[in-house]
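**Q** only the shape, not the letters, is given here:
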Ligand code: SF4
């Protein structure tokens, strides 16, 4: 399929295309960095290609891969009209090798082609130290402005300090406490270019009850009208990618829980799917259905958090709704707890299946939940759908058309509320979603109210999927028997030496995937979650990239809030449904 | 809350004192009264950081109901709060903000480090995360867990209440 892309590129830019690699059905086309811009425009505009959605931009430091030149930037493209993917890679020489110590490797910015590149390139600049020529505002985005160095480079240590469990500050042994902390300038420089016309600049956050965590917004106001609204993120930057590169594949699963911590199952699924594809293992059908059921339950739980907090943001008087929503989320958490012992940080999916078999009472508890929940949705709809406060505050607010959304890389319910029925569960089904019968709810108004309607409709669809999943579930192995990733069964270990050695090696060394790279995507409650993995054949990923849908979607805040009222910013942020753990990663 | 007045206000006979004009006896008992008042009216700051914050919210919802411990009124402004629950990982970028929030709170004030991240960095032993929030602010109670269940947070609050009870009237924390 993607050969068409390669052939067309080769025919149109014979000297720009440097090579092509295919691994696990994913194609990487290497392109001369100097001609990237031309190639990008062609990829987006050619009617046969139409790669209109830029999923991700990330840098790779190939120092230890033995590749030359040292750096490369990768672009993950998706063509919604043709349902096709391709990856473009542009190698970049490191000027430091030629003695130019303080010069960063540079490449043309593609912000003019895909708007979403703006933040993604800033992030690459921040963490990998690659400069993007022609970028409108190339500053650090996740780390403080005065940070030194680029953490994702291979010569940057992972850091962290040994921890002393004491608070005795007078003890001279602990004189070093606090040296890890760097100053941040209290006045963010992004504010400077905003108050030119005597407009008022209002700062919201990072501690603010309505920003859903540690988000900071710099809002430029003319009276009550919003002239512009710049989100400032990174207050929860936790170095997921760097940490992941220092862990074995299996050990990153618990970290996925902590990305978008209200949809842990979905994160787990996206990650294990990517690693399973890398290892080339099959998952038994029983486990696939169980995954689908749990992920859809998680979607409901995540939407409950969204609904409750959003309702509280919009009007404090609907505070009770938050209580109801959390009550019903608790019912789902109970099921999770029964399944894996944890309420939130589940880590229940493992590479090759489920970590343990489902408990006997699983099906009954899910059925019990399904029986009670429809009434609840109806209650919510009675309380909100025609509620005048709810409608006036959401209708016509925060409009984001499909065209704008795709340009900004926005996915998930936001995109579907703009009339595009794009959902990976249908477009590129994974985990047996193709065997399920469900609809993709869409709306056309593209405002906050439309997003509300889409998400409420998704609740019904999730319930449909869960019901079908229960019918299909049946009995069967919960893990693959493929010894590449699966431990030998207990009985065999006590009789077979080989099994014992294999068990020992898997536990102590982990499995080693073949050399290659891929980018796994899945439809999370908030949009497309992506995990990019580059394997160098060892038990740790060489490069682990995380695309958080919240991060990309949040970029649209500025566009959605403009010309609205200050008070609408809260509803706009609420209707995007962000989780800061995933925004800042 | 099952107040046992005799127990809560038991007047322990003071050791024989020299008459130096100090208000020892009166102040001790006033201090107990104030301590009792303070411990059942903690006002946490409405402030969440990461995953632990979601459990913190759950703790405030109907099922767990933090109101049973007199700590349900979350204040959005640090000026009105006396309990800072650090519910999540503190990044280097966030550290100065956390410190400022702490400084803005009125005396006397208390801090609970909720979860492994806030206590010691947790799973994030890397460049981005402060390895324990006690590097930037003093912590009264640490809660282990990733995330701790709401019950664990309640246990921390009751432990903190013991501490608050013993805290003198005129003492300062920061
Ligand atoms: S302790 Fe665990 S749950 Fe809490 S913030 Fe840290 S990673 Fe998240």
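**A** Perfect, I can see it now. Keep in mind that what you see is a predicted model, and the values were worked out from it rather than measured.

**Q** and residue A:565, how far from residue A:214?
**A** For residue A:565, the distance to residue A:214 equals 24 Å [C-beta to C-beta, to the nearest Å]. The way it works is simple: take the backbone N, C-alpha and C, and place the C-beta from them, glycine included.

**Q** what does residue B:144 give?
**A** On the measure of C-beta to C-beta, residue B:144 and residue A:214 end up 23 Å apart.

**Q** then residue A:95?
**A** Separation of residue A:95 from residue A:214 (C-beta to C-beta): 35 Å.

**Q** comparing these two, which shows the higher neighbour count?
**A** Regarding residue A:95 and residue A:214, a neighbour count based on other C-beta atoms under 10 Å in any protein chain shown identifies residue A:214 as having more, with 30 against 15.

**Q** which strands and helices sit next to the helix or strand of chain A with the lowest mean pLDDT?
**A** Lowest on mean pLDDT, DSSP states H and E among the helices and strands of chain A sits strand A:200-204, with a mean of 77. Here strand A:200-204 touches strand A:216-222, going by 3 or more C-beta pairs under 8 Å, 6 or more residues apart in numbering or on different chains; DSSP states H and E.

**Q** not counting its own residues, what contacts the helix or strand just after the strand it packs on?
**A** Once strand A:216-222 ends, the next helix or strand along the chain (criterion: DSSP states H and E) is strand A:225-232. Residues outside strand A:225-232 that contact it (C-beta atoms under 8 Å, 6 or more residues apart in numbering or on different chains) are A:188, A:190, A:194, A:199, A:205-206, A:215-221, A:554-555, A:557-558, A:561-566, A:568-569.

**Q** can I take it that residue A:529 is in a strand?
**A** Yes - counting by DSSP: H, G, I helix; E, B strand; the rest coil, residue A:529 is located in a strand.

**Q** how near is the nearest residue to it once chain neighbours are set aside to chain B?
**A** Spatial nearest neighbour of residue A:529, chain neighbours left out: residue A:270 (4.5 Å); criterion: C-beta to C-beta, 6 or more residues apart in numbering or on different chains. Distance of residue A:270 to chain B, computed by C-beta to the nearest C-beta, to the nearest Å: 17 Å.

**Q** quick one: residues contacting the nearest residue to residue B:153 once chain neighbours are set aside.
**A** Spatially, and ignoring its direct neighbours in sequence, residue B:153 is nearest to residue B:59 (5.1 Å; C-beta to C-beta, 6+ apart). Applying C-beta under 8 Å, 6+ apart, we find residue B:59 in contact with B:66, B:150, B:153-154.

**Q** so which strand or helix has residue A:403?
**A** Assigned by DSSP H and E, residue A:403 falls in helix A:402-407.

**Q** can you list the helices and strands that the next helix or strand after that helix packs against?
**A** Moving toward the C-terminus from helix A:402-407, the next helix or strand (DSSP H and E) is helix A:413-416. Using 3+ C-beta pairs under 8 Å, 6+ apart, the elements in contact with helix A:413-416 are helix A:402-407, helix A:448-473, strand A:527-535.

**Q** tell me which of the ones you listed sits most buried.
**A** Burial of those is given as mean neighbour count (mean count of other C-beta atoms under 10 Å in any protein chain shown); strand A:527-535 ranks first at a mean of 25.

**Q** what lies in contact with the next helix or strand after that strand?
**A** The helix or strand immediately downstream of strand A:527-535 is strand A:541-547, counting by DSSP H and E. Contact partners of strand A:541-547, identified using C-beta under 8 Å, 6+ apart, comprise A:55-56, A:58, A:60-61, A:64-65, A:76, A:240-241, A:244-245, A:249, A:252, A:259, A:517, A:519, A:521, A:528-536, A:585.

**Q** now strand A:541-547 against strand A:527-535, angle please.
**A** 170 degrees (axes from the mean of the first three to the mean of the last three C-alpha atoms, to 10 degrees).

**Q** same for the helix or strand that strand A:541-547 is followed by, what does it pack against?
**A** Next along the chain after strand A:541-547, taking DSSP H and E as the criterion, comes helix A:549-554. When contacts are defined as 3+ C-beta pairs under 8 Å, 6+ apart, helix A:549-554 packs onto helix A:117-128, strand A:527-535, helix A:566-576, helix A:580-584.

**Q** what's the closest of the ones you listed to the ligand?
**A** Nearest of those to the ligand, taken as C-beta to the nearest ligand atom: helix A:580-584 at 7.5 Å.

**Q** and the closest one, does that touch the ligand?
**A** No - interface with the ligand: helix A:580-584 contributes nothing (C-beta under 6 Å from any ligand atom), its closest point being 7.5 Å away.

**Q** give the rounded mean pLDDT of that helix.
**A** Helix A:580-584 shows a mean pLDDT of 87.

**Q** try stretch A:324-341
**A** Averaged over stretch A:324-341, pLDDT sits at 90.

**Q** so is it next to chain B?
**A** Yes - legend: contact between stretch A:324-341 and chain B by C-beta under 8 Å from any C-beta of the partner chain is shown at A:326-327, A:330.

**Q** buried subset of these?
**A** A:326, A:330 (16 or more other C-beta atoms under 10 Å in any protein chain shown).

**Q** quick check, nearest of the residues of stretch A:324-341 next to chain B to residue B:92?
**A** Distance to residue B:92, by C-beta to C-beta, is smallest for residue A:326 among these, at 31.8 Å.
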